[in-house]
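Novice: Here you go, sequence then predicted model.
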Amino acid sequence: MKAVLIEEDGKMTIGEYPTPVRGSCDIKIEVKATALNRADILQRKGQYPPPKGASPILGLEVAGVVAETGSKVSRWKKGDKVFGLLPSGGYAQYATMHENMAMPIPEALGFTEAAAIPEVFLTAWQALVWLAKLKKGEKVLIHAGASGVGTAAIQIARELGAEIYITASAPKHAICRELGASHTIDYKNESFAEQVMESTNGTGVDIIIDFVAAPYFQDNLKCLRTDGRMVMLALLGGIKVPEANLAPVLQKRLSIMGSTLRSRGNTYQEALTKDLAEFLLPLLQEKKIKPVIEKVYPWEQVNEAHALMESNKNTGKIVLAVQ
């Protein structure tokens with residue numbers, strides 16, 4: 001099969017690679033589209049290896065058509081249109097996936113739209129619902145609100161009845177408001193801590209979803225109200241906090257959690273996929289929730305797609321059309 005290969009200089013090219021072998025509980029998918037994630041950038045640079053036993057090919061999510069089914073597969077048949085999360089291997093003509101990790105593509109969606117959903121919506125669902133246990137009426141602050149996970153989190157929080165605060169650069173505020181954010185903060189020119197505390201009359205928010213880490217840590221503690229919960233999903237701003245006052249953690253009984261979805265076991269990921277699908281699929285079909293896509297590239301332009309993601313100029317997802 002053809003797949004995106006990483007050359008010695010870090011550039012990518014399409015070349016020949018062995019077709020993956022499916023197991024008895026797997027489906028083989030003819031990939032029609034895949035999407036970019038920050039993990040792809042890190043893996044390409046040798047900084048984030050795939051899990052043991054997983055394909056070295058980049059790509060954490062795909063949408064396509066079932067080409068083959070294993071002997072123990074009961075949920076799918078050849079020709080079904082599916083999408084889902086992978087440990088790796090999405091930048092290729094074929095990928096294999098356990099049958100319980102696949103979801104049916106709603107009729108209202110095409111392949112490129114479906115490919116933009118799995119990683120960001122599963123990550124956002126895990127953070128908001130499984131970890132932070134968001135309740136109706138709570139206030140949630142979502143950093144990087146215009147990112148792929150950010151735009152997914154806004155829509156999930158909206159449907160669950162939350163009051164939503166986001167940080168993003170000013171030009172990206174409009175899309176965040178369209179998706180459901182009621183409070184938008186320009187992190188480049190405003191203090192998000194000051195804005196949140198002023199807007200909440202000094203009480204703060206119940207939940208923070210954070211990707212920035214070190215530079216935001218102290219202000220995040222300040223913004224959380226009593227019994228507040230923070231879920232850290234990335235370390236984009238750095239890993240070391242030179243000096244921090246941890247008193248709010250005890251004074252306000254704060255919960256601070258970290259999670260990466262890729263390192264979770266199969267049973268966890270399958271249960272998470274099932275839980276999200278029950279919530280999400282009807283809303284996708286009714287077009288109440290939608291993937292936000294910055295641009296769709298033919299996969300021959302994978303280097304340009306990675307350059308766009310590394311520029312941090314995209315709003316939502318970047319997708320590769322494979323065939």
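Specialist: Great, that's in hand.

Novice: Can you tell me the centre-most residue of this structure?
Specialist: V120 (2.0 Å; CA atoms, centre = their mean).

Novice: Flag the helix or strand of this structure with the lowest per-element mean pLDDT.
Specialist: Least confident element among the helices and strands of the chain, by mean pLDDT, DSSP states H and E: helix 38-44 (a mean of 95).

Novice: could you say what helices and strands it packs with?
Specialist: Contacts defined by 3 or more CB pairs under 8 Å, 6 or more residues apart in numbering; DSSP states H and E place helix 38-44 against helix 302-311. Every C-beta, even on glycine, is put in place using the N, C-alpha and C of the backbone.

Novice: which stretches of the stretch 1-150 of the chain form helices?
Specialist: 38-44, 111-115, 118-125, 148-159 (DSSP state H, counting those that start in this stretch).

Novice: So for K77, which of those helices sits nearest?
Specialist: Ranking the helices of the stretch 1-150 of the chain by proximity to K77 (CB to CB) places helix 111-115 first, at 18.1 Å.

Novice: Which elements pack onto the closest one?
Specialist: On a contact count with 3+ CB pairs under 8 Å, 6+ apart, helix 111-115 meets strand 26-35, strand 61-69, strand 81-85, strand 293-298, strand 317-321.

Novice: other SSEs contacting the first one?
Specialist: In other words, strand 26-35. strand 61-69, strand 94-98, helix 111-115, strand 317-321.

Novice: pLDDT (mean, whole number) over stretch 247-258?
Specialist: Average pLDDT, stretch 247-258: 97.

Novice: Mind listing residues that contact it?
Specialist: 131-132, 221-222, 224-233 (CB atoms under 8 Å, 6 or more residues apart in numbering).

Novice: Kindly format the C-alpha coordinates of that stretch as PDB.
Specialist: Taking Å, rounded to 0.1, in the frame of the first residue of the first chain, the C-alpha atoms of stretch 247-258 are listed here in PDB:
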ATOM      1  CA  ALA A 247      -2.100  27.300  49.000                       C
ATOM      2  CA  PRO A 248      -5.200  27.600  46.800                       C
ATOM      3  CA  VAL A 249      -5.000  23.800  46.200                       C
ATOM      4  CA  LEU A 250      -5.800  23.200  49.900                       C
ATOM      5  CA  GLN A 251      -7.800  26.300  50.600                       C
ATOM      6  CA  LYS A 252     -10.200  25.700  47.800                       C
ATOM      7  CA  ARG A 253     -10.000  21.800  47.800                       C
ATOM      8  CA  LEU A 254      -8.900  21.800  44.100                       C
ATOM      9  CA  SER A 255      -8.500  18.700  42.000                       C
ATOM     10  CA  ILE A 256      -5.700  18.800  39.300                       C
ATOM     11  CA  MET A 257      -5.600  16.000  36.800                       C
ATOM     12  CA  GLY A 258      -3.500  15.200  33.800                       C
END
